[in-house]
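Novice: Coordinates only, no sequence provided:
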């Protein structure tokens, strides 16, 4: 049992030029609700990739972009519906917000969800308004930043969620993965699928990316795919043993040693991941509805009954 340690001040967000005219906006430490975004600075405008979770963080992101280019945002891509990637949508009124059709459905269904109460009460969310993508696709769409081709594609299966997309820039071998990949944080598939997430990793690997901007954590290379795959296989194997022993997901989590995965941020996600893995072993289809109240409550129980740590 372990709570995520935050025993040091977080470094400020930073802009990294990951390729000519293409930037990652990295928000340390990448734990709950602290995501990465990115943007392409073209001659006519900016294509943004995801918003942030709070008003303050999204405004800081916009200010950082303005220090790089004076061009306006023309487009904002949401890689999936989770609030750390969409709560700030309303602060891009000039942009066309683009995402998978199920991303729109989920944002409209959830609004600004009450489950935020599971995290530390000190979070300053600011003024938030649920704004859904209004240009949607089924499989994907291709955007162009000047002459640079950007392929936005749905991963094709439930994985982190039911509506995950990535942004692939083939000319630069550069991938914005959204939360299909975490670097240094515990992968999370409660709202998606363990098996689907493993299948998604195979599809990402086939792209041949040299540089990856993950949904959370530092910019990295393709080695991150193998680390995430190893963790998800650990989840699946642990669920198989726990289910065979008649244990609940919470009981299974309390019985195991996380071993090499204990150092990942937000280790209590093992409980949510096991809820999904147990459900899939019981025959629930990928992305099928699951009891989120119980799963999140069990993560809090695993966390010693304390709200989940969040420094957003």
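Specialist: Cool, got the structure. Keep in mind the model is a prediction, meaning the values are calculated, not measured.
Novice: which ones are touching the residue nearest the centre of the chain?
Specialist: Nearest to the geometric centre of the chain sits residue 179, at 2.8 Å (Cα atoms, centre = their mean). Contact partners of residue 179, counting by Cβ atoms under 8 Å, 6 or more residues apart in numbering, are 35, 79, 80, 82, 85, 160, 161, 164, 188, 214, 215, 216. The way it works is simple: take the backbone N, C-alpha and C, and place the C-beta from them, glycine included.
Novice: Surely the second one forms part of a helix?
Specialist: No: going by DSSP: H, G, I helix; E, B strand; the rest coil, the assignment for residue 79 is coil, not a helix.
Novice: Run a quick check on residue 78 versus residue 99, I expect a contact.
Specialist: Yes: with contact defined as Cβ atoms under 8 Å, residue 78 counts as touching residue 99 (3.9 Å).
Novice: Show me the helices in the stretch 201-312 of the chain, by range?
Specialist: All helices of the stretch 201-312 of the chain, identified by DSSP state H, counting those that start in this stretch, fall at 223-244, 249-255, 269-281, 292-302.
Novice: returning to that earlier point: quick one, which of residue 78 and residue 99 is more surrounded?
Specialist: residue 99 (31 against 28; other Cβ atoms under 10 Å).
Novice: Okay, and the more buried one sits in which element?
Specialist: strand 96-100 (DSSP states H and E).
Novice: That strand packs against which elements?
Specialist: If you count contacts as 3 or more Cβ pairs under 8 Å, 6 or more residues apart in numbering; DSSP states H and E, strand 96-100 packs onto strand 73-77, strand 135-137.
Novice: Enumerate the positions of that strand that are buried.
Specialist: Judged by neighbour count (16 or more other Cβ atoms under 10 Å), strand 96-100 contains these buried residues: 97, 98, 99, 100.
Novice: Note down every partner strand of it and its orientation.
Specialist: Taking DSSP bridges as the criterion, strand 96-100 forms sheet pairs with strand 73-77 (parallel), strand 135-137 (parallel).
Novice: Return the most buried member of those.
Specialist: Counting by mean count of other Cβ atoms under 10 Å, strand 73-77 has the highest mean neighbour count of those, with a mean of 24.
Novice: Spell out, range by range, the helices that occur in the stretch 51-200 of the chain.
Specialist: Along the stretch 51-200 of the chain, the segments classed as helices by DSSP H, counting those that start in this stretch run 55-68, 83-86, 101-110, 194-207.
Novice: ok, and which of these has the densest surroundings?
Specialist: Highest mean neighbour count of those: helix 83-86, a mean of 26 (counted as mean count of other Cβ under 10 Å).
Novice: Looking at the residue sitting furthest away from the middle of the chain now. What's its pLDDT?
Specialist: Taking Cα atoms, centre = their mean, the residue of the chain most remote from its mean C-alpha position is residue 245, at 31.9 Å. On pLDDT, residue 245 comes in at 98.
Novice: Relative to residue 256, how far out is it?
Specialist: Note on residue 245: its distance to residue 256, by Cβ to Cβ, to the nearest Å, is 11 Å.
Novice: Same question for residue 125.
Specialist: Distance from residue 125 to residue 256, by Cβ to Cβ: 34 Å.
Novice: Then residue 286?
Specialist: For residue 286, the distance to residue 256 equals 24 Å [Cβ to Cβ].
Novice: same thing with residue 233?
Specialist: Residue 233 sits 14 Å away from residue 256, going by Cβ to Cβ.
Novice: Please identify which of the two sits among more neighbours.
Specialist: Legend: neighbour count by other Cβ under 10 Å for residue 233 and residue 256, higher for residue 256 (16 against 12).
Novice: Direction included, what does the longest strand out of those in the chain pair against?
Specialist: Assignment by DSSP state E gives strand 174-182 as the longest strand of the chain. Under the criterion DSSP bridges, strand 174-182 sits next to strand 165-169 (antiparallel), strand 211-216 (parallel) in its sheet.
Novice: OK, contacts around residue 33?
Specialist: Going by Cβ under 8 Å, 6+ apart, residue 33 touches 53, 54, 83, 84, 119, 123, 310, 312.
Novice: which of the residues you listed lies closest to residue 144?
Specialist: Nearest to residue 144 among the contacts of residue 33: residue 84, at 27.2 Å, using Cβ to Cβ.
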